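Peer 1: this is a predicted model, with the sequence first.
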Amino acid sequence: MDTTLLVLAITTIVIVLIFEYTNGFHDAANIIATVIASRAMTPVQAVLLVAFFEFLGPLLGGTAVANTIGTFITLDDLDAVLGLMVVLCGLIGAIAWNLVTWWFGIPSSSSHALVGGLAGVVVVAAGSNHVEWGFADLLHGEFHGVAKVIAALILSPIIGFWVGYVLHRVMLTLLRGAHPSINRDLRHLQYVTSAGLAFSHGANDAQKSMGILTLVLLLGGFIDSFAVPFWVMLACSLAITLGILSGGWQIVRTLGFSIYKIRPLHALDSQMTAAGVIFSSSLFGAPVSTTHVVASSIMGIGASERPKAVRWGKALEIVATWVITIPGAALMAIGCYLVVQLFV
């Protein structure tokens, strides 16, 4: 095997795992924010519990999302070195976006940063025909490619909002007249719901890197067909778990304290809502954003109880970030590619 190709493949694999690590510490806050805000656990307890179930998610959650992410771009007709270079620049763009939004405490989507980074650089380096857009097939009720990702981007927070809204109304009715000591039980139940949210996050988010890592192996000639090896699942599980253990405390403050005042029941309902929406999406191979779903579920819960108490200004800031994530990551990836071209 050509030495340049081997070095580039190894470098890209390392960058994929670094992306998965940044995905972990970026999204850790999304999972533990409501747990900490409701004082159900200490930060250390929350991170350790979440890390354990986060590790299990990619190993037991299937590969449907990995197949979606790993096949929405086609690079098999390109030179192997160019193909790997394109993937590498797309990853660097996504990582850069993750780091910028993490630094400013903005709960953006790692998932859509990855899609934006890859799609942007592929269009510039290989042409738009190398991206499976899938928009025309929407007329026939078929969801795949970028259209499937964007549909999940739009629908998942809407579903999260309304599921949170309805669930909280139901829970308020069931617990009407309950003694304040019920809060202790609600805090204890969060050990279960936060574990479910962590598992569903791992089952969805880690699969994205699994898909890209498998694509790298295919482009480099290490495997003959697109099938996720077990060691890829294990490596991505470890990377995202280490990221979770690192935490993202700025985003905890945004989600846990800046949208709505979180009490034990709000936290429990948010965790149940997000876990259900994310895991269901994983079964359909739809890459959704934990950030989007958790934030929208909190908004829905707040709107069902006291709409005027929801800090809609902060919510609008988050929505604006959702809108600019794909083009923002795409521009960063394209910039990386153009810089690389100056030295090639």
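Peer 2: Yep, that arrived.
Peer 1: which helix or strand in this structure has the lowest average pLDDT?
Peer 2: Least confident helix or strand, the chain: helix 249-257 with a mean of 52, by mean pLDDT, DSSP states H and E.
Peer 1: tell me the contacts of L219?
Peer 2: A9, L75, D76, A80, G83, L84, V87 (Cβ atoms under 8 Å, 6 or more residues apart in numbering). (C-beta placed from N, C-alpha, C; glycine too.)
Peer 1: re the thing from before, now the very next helix or strand once past the least confident helix or strand of the chain: buried residues?
Peer 2: Downstream of helix 249-257, the next assigned helix or strand under DSSP states H and E is helix 264-283. Of the residues in helix 264-283, 264-279, 281-282 count as buried by neighbour count, 16 or more other Cβ atoms under 10 Å.
Peer 1: can I get the following helix or strand past helix 264-283 in CSV? Just the C-alpha atoms.
Peer 2: Going down the chain from helix 264-283, the next helix or strand is helix 290-305, by DSSP H and E. Output of helix 290-305 as CSV, limited to C-alpha atoms (Å, rounded to 0.1, in the frame of the first residue of the first chain):
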residue,chain,number,x,y,z
THR,A,290,-29.5,15.5,21.3
THR,A,291,-29.0,19.3,21.7
HIS,A,292,-32.1,20.1,19.7
VAL,A,293,-34.3,17.5,21.3
VAL,A,294,-33.4,18.3,24.9
ALA,A,295,-33.7,22.1,24.4
SER,A,296,-37.0,21.8,22.6
SER,A,297,-38.4,19.4,25.2
ILE,A,298,-37.5,21.9,28.0
MET,A,299,-39.3,24.6,26.0
GLY,A,300,-42.3,22.4,25.5
ILE,A,301,-42.5,21.6,29.2
GLY,A,302,-42.1,25.2,30.2
ALA,A,303,-44.8,26.3,27.6
SER,A,304,-47.2,23.7,29.0
GLU,A,305,-46.9,25.1,32.5
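Peer 1: and the next helix or strand past helix 290-305?
Peer 2: Sequence order places helix 312-343 as the next helix or strand after helix 290-305, per DSSP H and E.
Peer 1: tell me what angle the helix or strand hosting M85 forms with helix 290-305.
Peer 2: Using DSSP H and E, M85 sits within helix 80-103. Interaxial angle, helix 80-103 versus helix 290-305 (axes from the mean of the first three to the mean of the last three Cα atoms, to 10 degrees): 40 degrees.
Peer 1: C-terminal to helix 80-103, what's the next element?
Peer 2: Next along from helix 80-103, by DSSP H and E: helix 110-125.
Peer 1: C-terminal to that next one, what's the next element?
Peer 2: Criterion used, DSSP H and E; the element after helix 110-125 is helix 145-174.
Peer 1: could you pull up the mean pLDDT of that following helix?
Peer 2: Across helix 145-174, pLDDT averages out at 89.
Peer 1: next SSE after it?
Peer 2: helix 182-219.
Peer 1: okay, the angle between that next one and helix 145-174?
Peer 2: Using the same axes, to 10 degrees: helix 182-219 against helix 145-174 is 170 degrees.
Peer 1: how far off centre is helix 182-219?
Peer 2: For helix 182-219, the separation from the chain centroid amounts to 9 Å (computed by Cα atoms, centre = their mean, to the nearest Å).
Peer 1: quick one: that helix to helix 264-283, angle?
Peer 2: Using the same axes, to 10 degrees: helix 182-219 against helix 264-283 is 20 degrees.
Peer 1: can you pull the contacts of L213?
Peer 2: L213 neighbours (Cβ under 8 Å, 6+ apart): I13, V16, L17, V232, A235, C236.
Peer 1: what of F135?
Peer 2: For F135, the contact set (Cβ under 8 Å, 6+ apart) comprises V146, A147.
Peer 1: wait, isn't T291 in contact with N23?
Peer 2: No - T291 is beyond contact range of N23, at 10.6 Å (criterion: Cβ atoms under 8 Å).
Peer 1: what's the overlap in contacts for these two?
Peer 2: S110.
Peer 1: and G247, what pLDDT?
Peer 2: 62.
Peer 1: isn't G302 up against W312?
Peer 2: No - here G302 lies out of contact with W312, judged by Cβ under 8 Å, at a distance of 9.4 Å.
Peer 1: which one of the two has more residues nearby?
Peer 2: Between G302 and W312, G302 has the larger neighbour count (other Cβ atoms under 10 Å), namely 25 against 14.
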